[in-house]
Structure formats: structure tokens, C-alpha cells
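Q: Quick check, what structure comes out for this input:
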Amino acid sequence: ARRAMARCGTRLPDFIAPSLAAARRARARKRIMPTAEASISSYLPPDTYNSLPKDGDVTFLHAMVRASDLERTMRFFRAIGLRETRRKSSENGRFTLVFMASAPGAPEIEITHNWDPEEFAPPSRSMGHLAYAVDDIFAKATELRDAGIEILRPPRDGKMMFVKSPDGISVEILQKGEPLEAREPWASMPNVGSW
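A: The predicted structure is shown next:
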């Protein structure tokens, strides 16, 4: 773009130059470090941060959530569409870490399960939520409902819904692209509780 504009005698605005540099770094990173699988959300290598090049950027890796019941929490996130990418257990530390993502190489959630029973305080509103986008929000709402997950904020607008994990972590599901046209039973379904 810069060369084409130079040929025409025009100058590229200064605010665009940093984004071109970032795009060049991203292309170089792809040549050096292939991601784990072809997906729009996959930008991490199979070993996550261990083989990331030093490119001057800060790279988002994962968000950690605690689980009192590991299997139940994993079922919840599998219903959303995540899959286990790796796992680590420590006999000495008495914990299991399970990493899940929408695709290998995508940012992960790290589910931490301590083997000794523990009780959690209700999640603070300062935590906010995790968010994922799906191809068809109504199909995903039906899948979640059929899996026994309560839809707290139904996708009445064809664009957004909220659910909570077994330990109360709020998860927002968004429609990719334009909102879908409203349809029942979602259009007239009321909110439940808080999210």
C-alpha cells in the first residue's frame, strides 16, 4: 500500500504506519512459528508461550478460573464449544490444571482444580465475564439448554446471551456478524437471575 501510494504521489497517514509494522511482524511470526491448527482464533504455537518469538508485542495467553468439580466444569465449557488442549497434574501440589480453547492455538482458559475441597466466595462483579462468538447463537442456545445449562440472558436480539459455569463464572456468547432475526422461544424468554 505504501509503495502504491508513493507512486501516486500520496503519503500514507502516520497513524496507519504502526498497524503495517504489526501486520509485517504477524506475517513473519506465521512463517517462523506455524499455529497449531487453521482457525481465525489460533495464533499461539502448539506449546503456547514456550516458542513465541520475541517480537515486542504482549501476547494474551489464557484466563484462569477455579473449579470445585473439574468434570462438571469441563462439561460446561465443552457444551460452549471448547476442547481440552493440555493438562497438568501435581501430586505434591495436589492440583490439576486443564487448558481448554475453541481451537488449538487459540487463547485458552486454564481450569484450576485443587484436590482438597474448598469453598469459593461468590464471584465478584469485578471479574466480569469470558466471551465467545459462535456461528449461530440460536443453535448454540438450544445446545446449551439441551445440555442442562440455564440461559440467564436469552438471545432475544439474535446477538447476545449469557450463561454461568457451575462455579458462577459468567460467560457471554455473541453472534458472529450481523444479529440473526429474532425467533421463538428466545424472543419472548425473560432474563433469569444475574450474569
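
Q: ranges for the helices of this structure?
A: Ranges of helices within the chain are 2-7, 17-32, 70-80, 137-146, based on DSSP state H.

Q: If the spatially most central residue of the chain is in a bridge, with which residues?
A: The chain has residue 132 as the residue nearest its centroid, 5.0 Å off, counting by CA atoms, centre = their mean. Using DSSP bridges, the bridge partners assigned to residue 132 are residue 173.

Q: Check the gap between it and residue 141 for me.
A: Counting by CB to CB, to the nearest Å, the gap from residue 132 to residue 141 is 13 Å. Yep, even glycine has a C-beta here, placed from its N, CA and C like the rest.

Q: Mind listing the shared neighbours of these two?
A: Both residue 132 and residue 141 are in contact with residue 173, where contact means CB atoms under 8 Å, 6 or more residues apart in numbering.

Q: mind checking which helix or strand of this protein has the lowest mean pLDDT?
A: None of the helices or strands of the chain scores lower by mean pLDDT, DSSP states H and E than helix 2-7, at a mean of 46.

Q: was I right about residue 70 contacting residue 98?
A: Yes. Counting by CB atoms under 8 Å, residue 98 is a contact partner of residue 70 at 6.7 Å.

Q: more neighbours, the two?
A: residue 98 (22 against 18; other CB atoms under 10 Å).

Q: That one: what's it in contact with?
A: Residues near residue 98 by CB under 8 Å, 6+ apart: 70, 74, 84, 86-87, 110-111, 113.

Q: In strands, which of these fall?
A: Among the contacts of residue 98, DSSP state E puts 84, 86-87, 110-111, 113 in strands.
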